[in-house]
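Visitor: Build me a model from this:
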Amino acid sequence: MIKHIVMWKLRDKSEALEIKQRLEALNGKIPGLLHLEAGVDFLESEQSADLVLISELESRQALDDYQTHTEHQAVVPLLKAAAVSRTVADYEVE
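Guide: Take a look at the predicted model:
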């Protein structure tokens, strides 16, 4: 199983809830995507990301397929427009 974690700092944090909902709507729509959750930071410290995505995928191939899937690609422009920075970590769970 693969964990795919992404954290964004947003230009306008008021967009975080809409983005969270759009991301979570991907559940059940992409083959190989086992689970996806998104969360909005409440601490609002200087070190905090505004929005985080944690997803579990069946395999590395499923992660590649997720990245290019039309449902995921439909959310990408919203994220690119809203984010000032993005940090990603992908790792395998044994």
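Visitor: Give me the secondary structure label for residue 6.
Guide: Three-state call for residue 6 (DSSP: H, G, I helix; E, B strand; the rest coil): strand.
Visitor: Over to residue 42?
Guide: Per three-state DSSP, residue 42 ends up coil.
Visitor: That one - how many residues pack around it?
Guide: A count of nearby residues for residue 42, using other Cβ atoms under 10 Å, gives 6. C-beta: built from backbone N, CA, C; applies to glycine.
Visitor: State the phi and psi torsions of it.
Guide: With angles defined as degrees, to the nearest 10, residue 42 sits at phi -110, psi -10.
Visitor: Please report how far it lies from residue 17.
Guide: Distance of residue 42 to residue 17, computed by Cβ to Cβ, to the nearest Å: 12 Å.
Visitor: Could you list the buried residues of the longest helix seen in the chain?
Guide: Scanning the chain for the helix with the most residues, using DSSP state H, yields helix 70-82. Of all the residues in helix 70-82, those buried under the rule 16 or more other Cβ atoms under 10 Å are 72, 79, 82.
Visitor: again, but for stretch 8-23
Guide: For stretch 8-23, a neighbour-count test (16+ other Cβ under 10 Å) marks 8-10, 15-16, 19-20, 23 as buried.
Visitor: What's the end-to-end length of it?
Guide: 13 Å (Cα to Cα, to the nearest Å).
Visitor: Who does the most centrally placed residue in the chain form a beta bridge with?
Guide: Closest to where the C-alpha atoms of the chain average out (Cα atoms, centre = their mean) is residue 53, at 3.6 Å. Beta-bridge pairing for residue 53 (DSSP bridges): residue 6, residue 38.
Visitor: Let me see the contact set for it.
Guide: Taking Cβ atoms under 8 Å, 6 or more residues apart in numbering, we find residue 53 in contact with 4-7, 23, 36-38.
Visitor: State the helix or strand in which residue 62 lies.
Guide: helix 60-68 (DSSP states H and E).
Visitor: how far out from the middle of the chain is that helix?
Guide: Chain-centre distance of helix 60-68: 13 Å, with Cα atoms, centre = their mean, to the nearest Å.
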